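Participant: Structure for this input, please:
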Amino acid sequence: MRKEKSIYKQGEHPNSLANLIHSGRPKTYGVEKKQRYLSVTEEGWDGVKDVAKTVECRSVSDLLEKLGRGELKIISA
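Facilitator: Below is the predicted model of the structure:
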């Protein structure tokens, strides 16, 4: 089986170029997020994922964003 030669040069195929113009997920708050790093135990991570689900957040990142913006409050029992 012979592979046909493309009429496009490397990196010039319209599909490849379209993939470079990726707007991604819409910005919920209208600003770019910055990647942060944290350390947490496996048990703590599982727990915070459960909390995020319980309060209907899409992710731990969403939970932290809402806490930081005052959209969610932590109330001690």
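Participant: where does the chain dip in pLDDT?
Facilitator: The model of the chain has pLDDT under 70 over residues 1, 22-25.
Participant: Going along the chain, name the helices of it.
Facilitator: Ranges of helices in the chain, per DSSP state H, are 14-20, 42-54, 60-68.
Participant: buried sites along the shortest one?
Facilitator: Neighbour-count burial for helix 14-20, counted by 16 or more other Cβ atoms under 10 Å, picks out no residue. The way it works is simple: take the backbone N, C-alpha and C, and place the C-beta from them, glycine included.
Participant: do the same with stretch 56-72
Facilitator: Those would be 57, 60, 62-66, for stretch 56-72 by 16+ other Cβ under 10 Å.
Participant: Pick out the most distant pair among these.
Facilitator: Pairwise distances across these peak at 10.8 Å for 60 and 66 (criterion: Cβ to Cβ).
Participant: is it possible to export the helices of the chain to a markdown table including distance to residue 75?
Facilitator: A markdown table is the format used below for the helices of the chain (distance: least, Cβ to Cβ, whole Å):
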| stretch | distance to residue 75 |
| --- | --- |
| helix 14-20 | 45 |
| helix 42-54 | 13 |
| helix 60-68 | 12 |
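Participant: Tell me which of these sits nearest to residue 30.
Facilitator: Nearest of these (Cβ to Cβ): helix 60-68, 12.6 Å.
Participant: got the contact list for that closest one?
Facilitator: 28-29, 33, 45, 48-49, 51-52, 55, 57, 72, 74 (Cβ atoms under 8 Å, 6 or more residues apart in numbering).
Participant: one more time with 10 Å, if that's ok
Facilitator: Helix 60-68 has contacts (Cβ atoms under 10 Å, 6 or more residues apart in numbering) with 28-29, 33, 35-36, 38, 40, 45, 48-49, 51-59, 71-74.
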